[in-house]
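Engineer: What follows is a protein structure lacking sequence information:
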């Protein structure tokens, strides 16, 4: 026997969640989400060597909804699938507007764990990769450590297919979890992005500084590129 205690505000909260969910599904189906491109700067040359595609939702009122609010909801209600295909399509369309980019220029797209095992994933990536090949640019798929923790044999097989297609894999939020070194051994990653919790205080916290130095040295020894999240100051 089990029971719950009814609270009037629970009904209001649930109604608000349903409304939010419906608005998100409508925004995705109508293609109202926007894709922005955050530059990735090569420290040695101060050159923009690539970008990361970031999806943003601007409501009818003109306000932006943080991705941290709507992405988890999209992952639970299934909207993440059409949302991901929308981002892929926007990236491919954007490639045609960029001229005279260096051949090493990369565009990174974030992929949720359930997308990895979706039956359309490989086909969609192949179509996107064709656009990159045409413009001689590099496609990078980013997966969070959380995605890799949840990964099963099917996910690993999908990651291996990415590698065979010539798509680079980047491990996002590196250091946020507890098994990062295992990933470096098991996952064919071309890049790791050090979590911003280490980068944000690296200039003032010696422990974080040593951790970052060690991660960079290890990654470079394995032939893996290193990116830093949360670089918000000159220091």
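Structural biologist: Cool, the structure landed. All of these numbers come straight from a predicted model, not from anything done at the bench. Numbering: from 1, shown residues only.

Engineer: neighbours of the closest residue to residue 232 other than its chain neighbours, just the number please.
Structural biologist: Setting aside the residues directly before and after it, residue 232 is nearest to residue 200 in space (C-beta to C-beta, 6 or more residues apart in numbering), at 7.3 Å. Yep, even glycine has a C-beta here, placed from its N, CA and C like the rest. Residues lying near residue 200 (other C-beta atoms under 10 Å) number 17.

Engineer: Next one: residue 108 relative to residue 213, how far apart?
Structural biologist: 24 Å (C-beta to C-beta, to the nearest Å).

Engineer: my bad, should have said residue 32
Structural biologist: 44 Å.

Engineer: between those two, which one's more packed in?
Structural biologist: residue 32 (15 against 11).

Engineer: Let me see the contact set for the more buried one.
Structural biologist: Going by C-beta atoms under 8 Å, 6 or more residues apart in numbering, residue 32 touches 26, 57-58.

Engineer: how about the helices in the chain?
Structural biologist: 8-29, 67-77, 80-95, 113-116, 121-135, 145-150, 153-165, 180-186, 196-199, 206-221 (DSSP state H).

Engineer: and the second one, what does it pack onto?
Structural biologist: Meaning helix 67-77. Counting by 3 or more C-beta pairs under 8 Å, 6 or more residues apart in numbering; DSSP states H and E, the packing neighbours recorded for helix 67-77 are helix 8-29, strand 47-58, helix 80-95.

Engineer: One more pass at 10 Å, please.
Structural biologist: Contacts defined by 3 or more C-beta pairs under 10 Å, 6 or more residues apart in numbering; DSSP states H and E place helix 67-77 against helix 8-29, strand 47-58, helix 80-95, helix 113-116.

Engineer: Also compute the angle for it relative to helix 80-95, please.
Structural biologist: Computed by axes from the mean of the first three to the mean of the last three C-alpha atoms, to 10 degrees, the angle separating helix 67-77 from helix 80-95 equals 130 degrees.
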